Each structure stands twice: as structure tokens, then as C-alpha cells.
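Undergrad: Quick one, structure for this:
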Amino acid sequence: GDAECRKNSAALFSAIDEGGLEGGIRCLGLLPAIRPLLAASDATLNLSDMEGMSNTLMEGMALGLPVVATNVGGTPELIEDGHEGLLVGRGDVGAAAERIGRLAREAVLRERLGRAGREKIVRDFSVARFVGSYAEMYESLAGGAVARA
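TA: Residues are numbered from 1 along each chain as shown. Predicted coordinates for the structure are as follows:
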């Protein structure tokens, strides 16, 4: 819930408060169904210290949400800073608060980043793309003898 999130993210919420954004951001903790909440959101925020290929980011991007995320792990494979989202350095809560504020103020930027993120997910990370890639791999391993379904 909100209290636990604030305790664990005191520096971030301090920067959000200093930026005057406290009325527009809530930390809800663990939720059983995230899709309805994401669909009602204006942006996705992921400030992990370490990250593989974040499902949270991909889900937000698939819904056309602009993203603010730390530039760690697999995140740069998903997001080119300024194109599909906005990246910040690990632990840079001031930059994160600034980017969130920028998204709150700039509707055109939110729309552009959200659209580019959705396009990237559909193009590069869709189920159809992965199925096709696996089929090509199996065909190459079988010497081209496998007929496509």
C-alpha cells in the first residue's frame, strides 16, 4: 500500500512532493489485476535498480502509455530515451520526478512516446513475432525439412 511504498521510496516521494506532483501520484502496492489500472493511467513508471526484460514496461507500452524508467538491465532494449520513453540513471530520483512532471505537463509528448512504445511492442515483441522466430529456428535446425503450419 501507499504507506509501505513511501517508506521504501522516501527519496523519490520527497522529490515528487518538492516538484508539486503529490496530488497526481499514488503508490498502490501489490495488486491482483493490473491491466484495468494501467488502462486508466497516464504513464508507466519503473525505477528498478536491476531489471531484466520488464513485463511491467512491456504491458504499459502495449497499452500506449509513455514510460519513465531507469536505464538498467534490459530496459534500453525496450526504450530509446526520448523515443519510446524517458530514461533516468539508477537512483536519480530528481531526474525521475522531473521526467514525470514533464509528462504531466506535455500531452503531445505523452501521446508521441506512448504511440512509439506501442508500435515497438507490436513490431518487436508480439506473440506472432516470437512464434515466427521459433518456427524459423526449428526449420533451420531441421535443415528446412519442417513444413510451416
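
Undergrad: wait, is residue 87 part of a strand?
TA: Yes: applying DSSP: H, G, I helix; E, B strand; the rest coil, one finds residue 87 inside a strand.

Undergrad: How much space separates it from residue 66?
TA: Residue 87 sits 12 Å away from residue 66, taking Cβ to Cβ, to the nearest Å as the criterion. Quick note: C-beta positions are derived from backbone N, CA and C, even for glycine.

Undergrad: can you pull the pLDDT of the spatially most central residue of the chain?
TA: Nearest to the geometric centre of the chain sits residue 57, at 2.5 Å (Cα atoms, centre = their mean). At residue 57, the predicted lDDT confidence score is 92.

Undergrad: does it count as helix, strand or coil?
TA: Using three-state DSSP, the structure places residue 57 in helix.

Undergrad: isn't it right up against residue 75?
TA: Yes: assessed by Cβ atoms under 8 Å, residue 57 is found in contact with residue 75 at 6.7 Å.

Undergrad: who touches both of these two?
TA: Common contacts of residue 57 and residue 75 (Cβ atoms under 8 Å, 6 or more residues apart in numbering): 46, 69.

Undergrad: where does the closest residue to residue 42 other than its chain neighbours land in three-state SS?
TA: The shortest distance from residue 42 to any non-neighbouring residue, by Cβ to Cβ, 6 or more residues apart in numbering, is to residue 110 (6.5 Å). Under three-state DSSP, residue 110 falls in the helix class.

Undergrad: Appreciated, that's everything.
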